[in-house]
Each structure stands twice: as C-alpha cells, then as structure tokens.
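[1] missing the sequence, but the structure's below:
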Ligand code: IMP
C-alpha cells in the first residue's frame, strides 16, 4: 500500500483490506450468534458507515431489517460532537433489538446522542457495532459492544472514513502521518 495525500495531509497504510475483512467476518459471526431468534434491526449511520455496512451485512445470516439514517455532520480532523437530529429514520424500533452501525467511535459523543434519541422510541435493546474504536479518546456512556479494532487517538481515513469528504472510497484504512 502506498502513502496517500489528501489536501494538506499525508496518510500512511494502517489496516489492510485483508485485516478489515477478517475483523468484519468475526463481528458478523458474533452477531449471528448473539441475536439468533431475535427481531433485529440494523441502523447504519451515514455517510461514514456505508462500506462497513455493506461488508458486514454480507456476513449476517439472520432475518433482519437494515435501515439508514444521518446525523449532523462532522468537519475536519476534530470531532464537534454535535448531533441535532436523526434524519431519515422511518422504521419503527419499539420492542425491537437495534444494532447501530458506525464507522468509528471517537469521543463517543455522537453515539451517546443517537442512543438518547433512539431510546425515546423504546426499543428492546440498543448496541453499537463500529469498525474502529478510539478507546483513549472515549468520554461517552456507551462504548461499542462490537468493534473491529481498537486504535490510538490519531486521525484515520479510508473504508468510508473521510478527511474533508475525501478518502471514503479507499478500501483500506490509513493513518495521518505526524
Ligand atoms: P465522536 O462523536 O467523537 O465519537 O465522533 C464521531 C464521528 O466523528 C465519527 O462517526 C466520524 O464520522 C468522525 N470521526 C472521528 N474520528 C475520525 C477519524 O479519525 N477519521 C475520520 N472521521 C472521524
């Protein structure tokens, strides 16, 4: 894998496509086991989770619903933590088991607010499945139950993650060069 230049920053290879696929397969298997016989709905948080959602869903063998929603956007390399509302959530989640699919849980502020908004609708349970977890940066109440990799507090792009809207298409994950 080559170094990548996006705007003013250089990124170095961090997690390969093979690394990611192996981790995603394990997550799908764990979910298949844990949610057997349950009424399961996946809520994918756009834009960042589109690639992860696609790969993860190919490994899910359970009957389930998949829905997509947006929350307020994130710009630049520092999380704003602002979430105004959930846009596009049309599925009813009352008395159902929800798995939120996220690209990355960083401070956890976003996911905490999403969970707070979803809880109003009284689902049976809510868990989070993220590709990446920046555990050192986490300040929230809801660490992801399912995640592919715990990573250090450094900015990453690729596999759906962007730097100022670029880099989402990269099939591997790259870390900013410091
Ligand atoms: P949090 O609220 O701090 O957990 O951040 C949530 C959102 O910030 C994620 O869903 C991403 O869209 C974005 N984000 C956080 N860290 C990174 C990163 O290293 N690269 C790209 N986006 C990130």
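    Structure's in. What do you need? What you see is a predicted model; the values in this text were computed from it and never measured.

[2] what's residue 141 in contact with, if anything?
    Counting by Cβ atoms under 8 Å, 6 or more residues apart in numbering, residue 141 touches 108, 112. No exception for glycine: its C-beta is placed from N, CA and C like everyone else's.

[3] residues of stretch 110-127 that come out buried?
    By 16 or more other Cβ atoms under 10 Å, the buried positions in stretch 110-127 come out as 110, 111, 112, 113, 114, 115, 117, 118, 121, 123, 126, 127.

[4] Please list which of those are also close to the ligand.
    Among these, the ones lying near the ligand by Cβ under 6 Å from any ligand atom are 110, 111.

[5] Among the buried residues of stretch 110-127, which ones are in helices?
    Cross-referencing the buried residues of stretch 110-127 against helices under DSSP state H gives 110, 111, 112, 113, 114, 115, 117, 118.

[6] I'd say residue 127 and residue 101 touch.
    No - taking contacts as Cβ atoms under 8 Å, residue 127 lies outside contact range of residue 101: 10.3 Å.

[7] that older thread, out of the buried residues of stretch 110-127, who's nearest the ligand?
    Minimum distance to the ligand across these is 3.2 Å, recorded for residue 110 (Cβ to the nearest ligand atom).

[8] which residues of this protein fall in strands?
    In the chain, the strands defined using DSSP state E lie at 4-6, 9-15, 40-46, 64-70, 97-105, 125-133, 146-150, 156-157, 173-176.

[9] Flag every residue of this structure that's near the ligand.
    48, 74, 79, 81, 102-111, 155-157, 161.

[10] go again using 8 Å as the cut-off
    45, 47-49, 74, 77, 79-81, 83, 102-112, 132, 134, 137-138, 140, 154-157, 161-163, 176 (Cβ under 8 Å from any ligand atom).

[11] circling back: ok, the ones in helices among the buried residues of stretch 110-127 vs residue 61, which is closest?
    Closest approach between those and residue 61, by Cβ to Cβ: residue 118, at 24.8 Å.

[12] before we move on, back to that, got a markdown table for the ones in helices among the buried residues of stretch 110-127, with pLDDT too?
    A markdown table is the format used below for those (pLDDT from 0 to 100):
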| residue | pLDDT |
| --- | --- |
| 110 | 90 |
| 111 | 94 |
| 112 | 93 |
| 113 | 89 |
| 114 | 93 |
| 115 | 95 |
| 117 | 90 |
| 118 | 95 |
